[in-house]
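**Q** sequence and computational prediction follow.
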Amino acid sequence: MQRLAATLLISTLSATAANAHAVITPREAQADSYARLAISITHGCDGSPTKVVRVLIPAGVNGARPQPKAGWTLDVTKEKLATPISGPHGTTITERVTEITWTGTLDADHFDDFSINVRLPDAPNKTLHFATLQECQSGKMDWSEIPANGKSAHELRYPAPSLNLLPKKPTHAH
């Protein structure tokens, strides 16, 4: 019985490692809302530790704030919006974050989450792709592949972490 349990455990761990990707949590969020997203880096590059995690913020996401990580430096790249938009509490938004980069060290046998608070666009039933570049001491993983229409991300070798936008929940009038 112990031998069977050990065999099942090894099979499960091997399958998990073989299917490991950069993934986003949660995988769904309500359109036109705020959400806290975590990009999970689940392994290094063929035994080499991760040194840089770079996340590209998709168009339409006009608010993104990264969570700092102890022992990592943080760099945020912004671009000016062609047309300013209304922000929360009567503010005007004139630029948006396009890229967030964490630089540090993550052992190849460890995993970690890189978190971002975002303002999601009012685009229900759309999928947002957060292309993620994982640079290691030796090698890199470019998690930026986007499936063609009608195809699944499971068919890709390096799929971009993706978030499905759900329709807004109806508001209740009292």
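**A** That came in fine, so what should we check first?
**Q** spit out the contact partners of the residue nearest the centre of the chain.
**A** Taking C-alpha atoms, centre = their mean as the criterion, I39 is the residue nearest the geometric centre of the chain, at 3.6 Å. I39 makes contact with A22, V23, I24, V53, V55, D113, F114, S115, I116, F130, T132, P161, according to C-beta atoms under 8 Å, 6 or more residues apart in numbering. (Each C-beta comes from the backbone N, C-alpha and C, glycine too.)
**Q** check V61 too.
**A** The contact partners of V61, by C-beta under 8 Å, 6+ apart, come to R96, V97, V118, R119, L120, P121, L128.
**Q** I'd like those as CSV, with secondary structure and distance to L81 appended.
**A** Converted to CSV, these look like this (DSSP: H, G, I helix; E, B strand; the rest coil; distance: C-beta to C-beta, whole Å):
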residue, secondary structure, distance to L81
R96, strand, 6
V97, strand, 11
V118, strand, 16
R119, strand, 13
L120, coil, 16
P121, coil, 13
L128, strand, 18
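**Q** identify, from the residues you listed, the entry nearest to T171.
**A** Taking C-beta to C-beta as the measure, T171 lies nearest L120 of the contacts of V61, at 17.0 Å.
**Q** correct me if wrong: that closest one contacts P26.
**A** No: the criterion here is C-beta atoms under 8 Å, and L120 misses it with P26 at 11.5 Å.
**Q** so those two - more neighbours on which side?
**A** It is L120, of L120 and P26, that has more neighbours when counted by other C-beta atoms under 10 Å, with 23 against 11.
**Q** any idea how far A64 is from the more buried one?
**A** Relative to A64, L120 is positioned 10 Å away (C-beta to C-beta, to the nearest Å).
**Q** and E135, by the same measure?
**A** Using C-beta to C-beta, E135 is found at 20 Å from A64.
**Q** those two: which is more packed in?
**A** Neighbours were counted for E135 and for A64 using other C-beta under 10 Å; A64 has more, 21 against 18.
**Q** how confident was the prediction at that one?
**A** Model confidence at A64, expressed as pLDDT, equals 97.
**Q** that one: which element?
**A** strand 63-66 (DSSP states H and E).
**Q** in that strand, which residues are buried?
**A** By 16 or more other C-beta atoms under 10 Å, the buried positions in strand 63-66 come out as G63, A64, P66.
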